[in-house]
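Engineer: With the sequence up front, the predicted model follows.
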Amino acid sequence: MATVLLILLAFSSLLFAATGKTIHNPLIMGTTDMHQYIMPYDYMGDKPNESIGLAKVFTLIEQVRNENPNTLLFDTGDFIQGSLVGDYEADVNPLKGFDFQTIVRAYNYIGYDAVSVGNHDVTDFGLEFFDRAKSNSIFPWVSANIRLADDPKGFLTDPYVILDREVDGIPIKVAVIGFTPPQIMSWGRRHLEGNVFTQTIVEQAQKFIPVLEDQADLVIAVAHTGISTDEITSYDAQENAAYYLAQVEGIDAMILGHQHSHFPGDFADIEGIENDKGLIYGVPTVLPGSWGSHLGVIDLKLAYDWDTGEWEVLDGSANLVPVTDEVITHPLLAELVADKHEATIEYVRTPIGWTDTEITSYFSRIMDNPVTQIINEAQIWWAEREFAGSEYEWLPVLSAAAPFIAGRQGPSYFTHVQGDISIGSITDIYIYPNTVYVAKLNGEQIKDWLEAAASNFNQIDPSSAEPQHVVNYDFREYNFDVIEGIEYVYDITKPSGQRLVSATFEGNPLDESMEFLVVTNNYRGSGGGNFPHVADNVVLATTEINREAIIKYIQYIGEVDPVPTNNWKILPVDTPGPLLYRSSPEGAGYIERNAIRGIEFLEVDEAGWGIYEVNLVELSEYLEESTLQEVN
């Protein structure tokens, strides 16, 4: 007993003898937008994809943990919805009793320290589905800007948590605060209205961060938000608020999400951003892609003062570790999710119909295409039956659809369906589990809608000899609505807001006296994308999933042939310099097989994109000839 006491006293004296400061290097790991991609598998294409998947990210996580025991792991949300695993658990074979989401089971196993609430976690399948995930998580969920409608002082989750951890055996208090895009109130109106309300991200950060500084040694923002340098009050900066969030004094590190982008990497030559070190206004930051494409790692340099017992952040940097073919799938996690993975694949292969047409989105942002064509045909078919015998039966039915899979995830992220059409094929055409909404709009309002969609394009200088890209790739493809049932033309030499130069219905210019039903989805019908008029004029908000409408249409037809009507075009412009467009390199074969004129494949760039030159004069002539052939 005396010996033990002497040892304890000696150990204690060593601790108390320590003076001055010591340097420590904890690592903060982050993931985001996993969207139920646990295995490295493309469920839409029904094939492996070795560049994604939580099971591969877990291998990277374990490597970091083995190299440095002082680690924390966070996720910024959007993980209980997304791939067909999420659909399977929410709609196909809904979770019952005490069962809960497979990916929550995986996160529990991996050992996340905290997660924030992503927009899709609450907008797509509702709060009951979210509560099932939250109540079965052994990690805390945080969001400081989602409040309870019936208790304005309450929150949907804890706004923040204080974690008691150790760095090299020394206690440290880590404050973790979460944020969610405030626009969830429009995107998920049918689930959230009357249950919660939101506040802006920066507003809540300014309120809470000073409090957290007093309570913790380290303050980490785990925010489901991206990076926008637009004015702080703009729609995009409210949604992607990290640029301004970093300017709130007191945040030591940020893990971001939502944009499916990469930082360090995608945001260069911007004031306040140091891409080489991964800093935004001095705050080490990661935005680690999506679907388990990357692991974000923040390396902090801390000093511990043994005299005062205080921690100080001296420096920090951030980097992304990509998932590659060489990263192995973690066998224990693969075993954990095997049953649900196999059940989902079986569901994916359910046959629906057949098509000889190549349904692709390779060039969907510069010309009419089979993807939006089949969606719009199905939605018009659905609406004409839905409104038969109603007060709106006499109104012409139009339909709006976007090319949802058109490069957002990189050069391989494009729709390509031909031959047998399965459930997986439908998801490749329409990835989101949106529901059908219908708005009643006049011709002028529809013109405003089309003008908003024209932000898809860059303004082209017709006198420039320099290369110019036709498309604004910062504008998300899911906001490039194509409206079927009318004819319209864009002049992309004009500035934003002035590009629609012609819009007609059956040969007559659209005007305020014309009224239409326009089929869309709950995202657009609830204000998503900040499009004018749509949300204020919804006459039917259904629970019918848009994909189900497409499935019913194809099952009814049997064999579909969605040849584009070419009802929209870009006004020809002949520039001294080349006009460029980026897409999948596979688009080169599509051009050749379909004898498309006006688009020429040039090369594959360093990032793997196929680069094409666009001759708008030749393309316009080709589309005109194709339309005449289809009519005849």
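Structural biologist: Arrived safely, thanks for sending.
Engineer: Quick one: mean pLDDT over stretch 293-306.
Structural biologist: For stretch 293-306, the per-residue pLDDT values average out at 98.
Engineer: now swap in stretch 54-73 and tell me
Structural biologist: Per-residue pLDDT values over stretch 54-73 give a mean of 98.
Engineer: Contacts for that stretch, please.
Structural biologist: For stretch 54-73, contacts defined as C-beta atoms under 8 Å, 6 or more residues apart in numbering pick out 24-31, 34, 37-40, 50, 103, 106, 110-113, 163, 165-168, 174, 220, 292, 294-295, 297, 321, 323, 327-330, 333-334, 337. For every residue, glycine as well, the C-beta is placed using N, CA and C.
Engineer: buried stuff in that stretch?
Structural biologist: Residues of stretch 54-73 classed as buried under the neighbour-count rule (16 or more other C-beta atoms under 10 Å) are 54-61, 70-73.
Engineer: Of those residues, which belong to helices?
Structural biologist: Per DSSP state H, helices hold the following members of the buried residues of stretch 54-73: 54-61.
Engineer: Mind checking which of the contacts of stretch 54-73 are in helices?
Structural biologist: Using DSSP H, the members of these that fall within helices are 103, 106, 110, 333-334, 337.
Engineer: now for the buried residues of stretch 54-73, which pair is the farthest apart?
Structural biologist: Distance extremes for these: the farthest pair is A55 and N70 at 24.6 Å, using C-beta to C-beta.
Engineer: picking up where we left off before, any idea which of the ones in helices among the contacts of stretch 54-73 is closest to W311?
Structural biologist: Set against W311, the nearest of the ones in helices among the contacts of stretch 54-73 by C-beta to C-beta is I110 (26.4 Å).
Engineer: now that closest one, nearest residue through space, not along the chain?
Structural biologist: F58 (5.5 Å; C-beta to C-beta, 6 or more residues apart in numbering).
Engineer: What distance do you get for the one you found to V104?
Structural biologist: Taking C-beta to C-beta, to the nearest Å as the criterion, F58 is separated from V104 by 15 Å.
Engineer: Can you read off the pLDDT for G86?
Structural biologist: According to the prediction, G86 has pLDDT 88.
Engineer: Going by secondary structure, it is in what exactly?
Structural biologist: Secondary-structure assignment from DSSP states H and E places G86 in helix 84-87.
Engineer: Show residues contacting that helix.
Structural biologist: Judged by C-beta under 8 Å, 6+ apart, the contacts made with helix 84-87 from elsewhere in the structure are 35-38, 43-44, 80, 101-103, 125, 340-341, 344, 347-348, 423-424, 427, 433.
Engineer: which ones are touching the nearest residue to A90 once chain neighbours are set aside?
Structural biologist: For A90, the nearest residue in space outside its immediate sequence neighbours is F125; the separation is 4.5 Å by C-beta to C-beta, 6+ apart. Counting by C-beta under 8 Å, 6+ apart, F125 makes contact with 80-81, 86, 90, 191, 433.
Engineer: Ramachandran angles for F125?
Structural biologist: F125 has phi and psi values of phi -110, psi 0 when expressed as degrees, to the nearest 10.
Engineer: distance of it from E89?
Structural biologist: Counting by C-beta to C-beta, the gap between F125 and E89 amounts to 9 Å.
Engineer: Could you list every helix and strand that the strand or helix carrying L212 packs against?
Structural biologist: Using DSSP H and E, L212 maps to helix 201-215. The criterion is 3 or more C-beta pairs under 8 Å, 6 or more residues apart in numbering; DSSP states H and E, and the helices and strands that helix 201-215 contacts are strand 160-167, strand 170-179, strand 218-223, helix 242-245.
Engineer: still on that earlier bit, from the ones in helices among the contacts of stretch 54-73, keep the buried residues only.
Structural biologist: With burial judged by 16+ other C-beta under 10 Å, the buried subset of the ones in helices among the contacts of stretch 54-73 is 103, 106, 110, 333-334, 337.
Engineer: Excluding chain neighbours, what is closest to G45?
Structural biologist: Nearest residue to G45 in three dimensions, chain neighbours excluded: D428, at 6.6 Å (C-beta to C-beta, 6+ apart).
Engineer: and that neighbour, how many neighbours?
Structural biologist: The tally of other residues near D428 (other C-beta atoms under 10 Å) stands at 25.
Engineer: The one 5 residues further on now?
Structural biologist: By the measure other C-beta under 10 Å, the count of residues near P433 is 22.
Engineer: Could you list the low-pLDDT ranges of the stretch 251-400 of the chain?
Structural biologist: For the stretch 251-400 of the chain, no stretch has pLDDT under 70.
Engineer: right, I mislabeled it, should have said the chain
Structural biologist: Under the criterion pLDDT under 70, the flagged ranges of the chain are 1-19, 628-632.
Engineer: Could you break it into its assigned domains?
Structural biologist: By the record's domain assignment, the chain is partitioned as 18-344, 350-572 (automatic domain parsing).
Engineer: Serialize those domains to TSV and add fields for distance to E624.
Structural biologist: Formatted as TSV, these follow (distance: least, C-beta to C-beta, whole Å):
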stretch	distance to E624
domain 18-344	33
domain 350-572	8
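Engineer: Nearest to Y622 among those would be which one?
Structural biologist: Where the domains of the chain are weighed against each other on C-beta to C-beta, the nearest is domain 350-572, at 8.9 Å.
Engineer: Ends of that closest one, what's the gap?
Structural biologist: For domain 350-572, the separation between the terminal residues is 43 Å (C-alpha to C-alpha, to the nearest Å).
Engineer: what's the answer for stretch 501-520, then?
Structural biologist: The first-to-last residue distance of stretch 501-520 comes to 23 Å (C-alpha to C-alpha).
Engineer: Show me which positions of it end up buried.
Structural biologist: Burial within stretch 501-520, assessed by neighbour count using 16+ other C-beta under 10 Å, is assigned to 503, 505, 510, 514, 516-520.
Engineer: same check, this time on stretch 269-287
Structural biologist: Those would be 273-274, 277-281, 283-287, for stretch 269-287 by 16+ other C-beta under 10 Å.
Engineer: Fine, thanks again, bye for now.
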